[in-house]
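Visitor: Mind looking at a prediction? Sequence and model below.
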Amino acid sequence: MATAFGSEAIGILPENYKYLQEFIYRESGIVLEAEKQYLLDARLLGLARDAGVTTLNDLCALLRAARGPALRQKVVDAMTTNETYFMREPAHYDALRNVILPDLIKLKDGSRRLRFWSAASSTGQEAYSLAMMLLEMGLGNWSIEILGTDLCTQVLERAGNGSYTQLEMNRGLPSTLLLKYFRRSGLNWEIKDEVRRMVRFQQFDLRSSMRSLGPFDAVFCRNVLIYFDLPTKTKIIQEIHGTLFRGGYLFLGSTETSLPVGEQFERKSIADATIYEAK
Ligand SMILES: C[S@@+](CC[C@H](N)C(=O)[O-])C[C@H]1O[C@@H](n2cnc3c(N)ncnc32)[C@H](O)[C@@H]1O
């Protein structure tokens, strides 16, 4: 019974599919629905080959027997979706530039200190976009900390390197910012130190306690909650609220409109952007 993505094409046994579903949920919170064999195939077959086996059933056997965290982390890394680009969802950056930051600059003129969190930073474009925007607004002499976190270790390594291909640079980054804040490094473009030193990356699972992270003036938690179930989304949003200053802002992905944001935030529209202010 062979189909394009059917059981023979992939050969994964139902009990192994269930095992991977549970494994991925336990390790990351990501919900892998039924009938997504093609996704497992695309994401994990290369990894299986690198581990010296050829099928996902064999990979499951290796995972079950794995002693250390290395293979587990590789599977989690492979199952995360890391799509991102510079200045993604420009309406958010416009709202920051035109309304939120001017207010924050007045409010924080005493301490001249601002803290931001890119809570699913992927390869770093979100955090660096914010840093460049702050520099463009003349805040280079303020004390600014941008924390970038992600579950996936591979993307964090890339984020820390701040080195991007031409294709990645072509996605969303205005050429003026490219020329001002990046330098050529072989075939890639590397972020300059004045931007890099504003951003710190570390691994963090959004399902963990966030007590030690805040307080932040704004948190970007964009395009990640869609992968979680409702109780996980609800808990993460509540925890993020605890990391924000009162009056601080939460940015969610613009397609994430039905998230359980609740009473603790006030929903605000700033031009084309929807943003959530912590009460
Ligand atoms: C689609 S990217 C979003 C990147 C960026 N925020 C944006 O909007 O362009 C989603 C990121 O969430 C990360 N992620 C998935 N599960 C996570 C978890 N439990 N804790 C932290 N990050 C997670 C993935 O590794 C991935 O890099």
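Guide: That came in fine, so what should we check first?

Visitor: Make sure S121 is actually in contact with I146.
Guide: No. Using CB atoms under 8 Å as the test, S121 is too far from I146 to be in contact (9.1 Å). C-beta here means a position set from N, CA and C on the backbone, and glycine is covered the same way.

Visitor: Mind listing the shared neighbours of the two?
Guide: A127 (CB atoms under 8 Å, 6 or more residues apart in numbering).

Visitor: what's N223 in contact with, if anything?
Guide: 83-84, 88, 120, 253, 255-256 are the contacts of N223 under CB under 8 Å, 6+ apart.

Visitor: let's go with 7 Å and repeat that
Guide: N223 is in contact with G253, counting by CB atoms under 7 Å, 6 or more residues apart in numbering.

Visitor: what's the distance between L130 and the ligand?
Guide: Separation of L130 from the ligand (CB to the nearest ligand atom, to the nearest Å) stands at 11 Å.

Visitor: And T80, by the same measure?
Guide: Taking CB to the nearest ligand atom, one finds T80 at 3 Å from the ligand.

Visitor: My understanding was that that residue contacts L156; is that so?
Guide: No. With contact defined as CB atoms under 7 Å, T80 and L156 do not form a contacting pair (11.1 Å).

Visitor: Could you grab the helix/strand/coil label for L250?
Guide: Assigned with DSSP: H, G, I helix; E, B strand; the rest coil, L250 falls in the strand class.

Visitor: Could you say which helix or strand holds the closest residue to it other than its chain neighbours?
Guide: With sequence-adjacent residues excluded and distances taken as CB to CB, 6 or more residues apart in numbering, L250 is closest to Y276, at 4.2 Å. Assigned by DSSP states H and E, Y276 falls within strand 273-278.

Visitor: got it, and D58?
Guide: Per DSSP H and E: D58 is located in helix 56-65.
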